[in-house]
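**Student:** Build me a model:
(chains A and B)
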Protein chains: 2
Amino acid sequence: MSAPNLVFRRAVAPDLAAIVELLADDPLGRERETGGADLDPLYREAFGAIEQDPNQLLAVAERDGRVVGVLQLSFIPGLTRRGMWRGQIEGVRVAASERREGLGRAFIEWAIGHSRERGCGLVQLTSDKRRPAAHRFYEALGFEATHQGYKLTL
Amino acid sequence: MSAPNLVFRRAVAPDLAAIVELLADDPLGRERETGGADLDPLYREAFGAIEQDPNQLLAVAERDGRVVGVLQLSFIPGLTRRGMWRGQIEGVRVAASERREGLGRAFIEWAIGHSRERGCGLVQLTSDKRRPAAHRFYEALGFEATHQGYKLTL
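**Tutor:** Down below sits the predicted model:
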């Protein structure tokens, strides 16, 4: 995205409260996250684990100094498909005020570009079946819904 | 699985050729892998990357000294769901001779147990929509197909 007031960058610790607010400000996230002024220490712990892992990249979109988007990119080595690395996108959220402005598209394209730079041959993600608008969004970006995404809660 | 001649364990370098054979002996894998006597060096490189990453576990099922199953387990830290770790299963293959014997089920349960030990709150995987038998298998194990799995080839 060429708008000079918009940047995509690696998240740093001071972004954490704003990131959790974004995760909680979502129809599905509302049930799962604990936002608010007192940050749940579990988020700090998770942030530390992500930061220490060279195959994880937590990224934010920042406009005019405000965090307006977040996503996590995981680089996963694997044997299948002749030892191909995968980029995996998880936890994508864009502030309600920024939707339909192309920010989401530019942010995912940025993540795809990063995956390419890291030598990945594939980018993958799963999207909850209750998010039809997200499905149209990813399909417009060229993603194909070739797989069923299974979850088992422990 | 209590059969004394069956073990599930971390893969080591001498297993690699047998693993690649398993990956290639599959209707979808056949198009994507290069098996045979001369191991493609890309597999060795990928094996090294997996071995060096403490959040990756490549596992084999071994019966009577023979590799009869493989799967990869990735431990992924994340902020969503209150900083929950995920166990992700990828690249599951079981030798044709071992199917319908409960080995697959025991192997996945072993992977779930490992994920629990590592503090994961969720186990996730995707399965190609062309594998209906695999879908029944995962559903019988308690997995729910809550997500669409998207891929973008780079």
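**Student:** now the strands for chain A?
**Tutor:** Ranges of strands within chain A are A:6-10, A:56-63, A:66-76, A:85-94, A:120-128, A:144-153, based on DSSP state E.
**Student:** Which one of those strands lies nearest to chain B?
**Tutor:** strand A:144-153 (2.8 Å; Cβ to the nearest Cβ). Where you see a C-beta, it was placed from the backbone N, CA and C, and this is true even at glycine.
**Student:** Just the residues contacting that closest one, thanks.
**Tutor:** A:126-127, A:135, A:138-139, B:112, B:121-129, B:135, B:138, B:141-152 (Cβ atoms under 8 Å, 6 or more residues apart in numbering or on different chains).
**Student:** if we can go back for a sec, I'd like a version of the strands of chain A in JSON lines, one that adds mean pLDDT and mean neighbour count as further columns.
**Tutor:** Listed next are the strands of chain A as JSON lines, based on pLDDT from 0 to 100; neighbours: other Cβ atoms under 10 Å in any protein chain shown:
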{"stretch": "strand A:6-10", "mean pLDDT": "95", "mean neighbour count": "14"}
{"stretch": "strand A:56-63", "mean pLDDT": "97", "mean neighbour count": "21"}
{"stretch": "strand A:66-76", "mean pLDDT": "97", "mean neighbour count": "22"}
{"stretch": "strand A:85-94", "mean pLDDT": "96", "mean neighbour count": "22"}
{"stretch": "strand A:120-128", "mean pLDDT": "97", "mean neighbour count": "21"}
{"stretch": "strand A:144-153", "mean pLDDT": "98", "mean neighbour count": "18"}
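**Student:** Report the buried residues of stretch A:23-37.
**Tutor:** Buried residues in stretch A:23-37, counting neighbours by 16 or more other Cβ atoms under 10 Å in any protein chain shown, are found at A:Leu23, A:Ala24, A:Asp26, A:Gly29, A:Glu33, A:Gly35.
**Student:** ok, now which ones touch the nearest residue to the fourth one once chain neighbours are set aside?
**Tutor:** Spatially, and ignoring its direct neighbours in sequence, A:Gly29 is nearest to A:Leu23 (5.0 Å; Cβ to Cβ, 6 or more residues apart in numbering or on different chains). Applying Cβ under 8 Å, 6+ apart, we find A:Leu23 in contact with A:Gly29, A:Glu33, A:Gly35, A:Val70, A:Gly91, A:Arg93, B:Leu79, B:Thr80.
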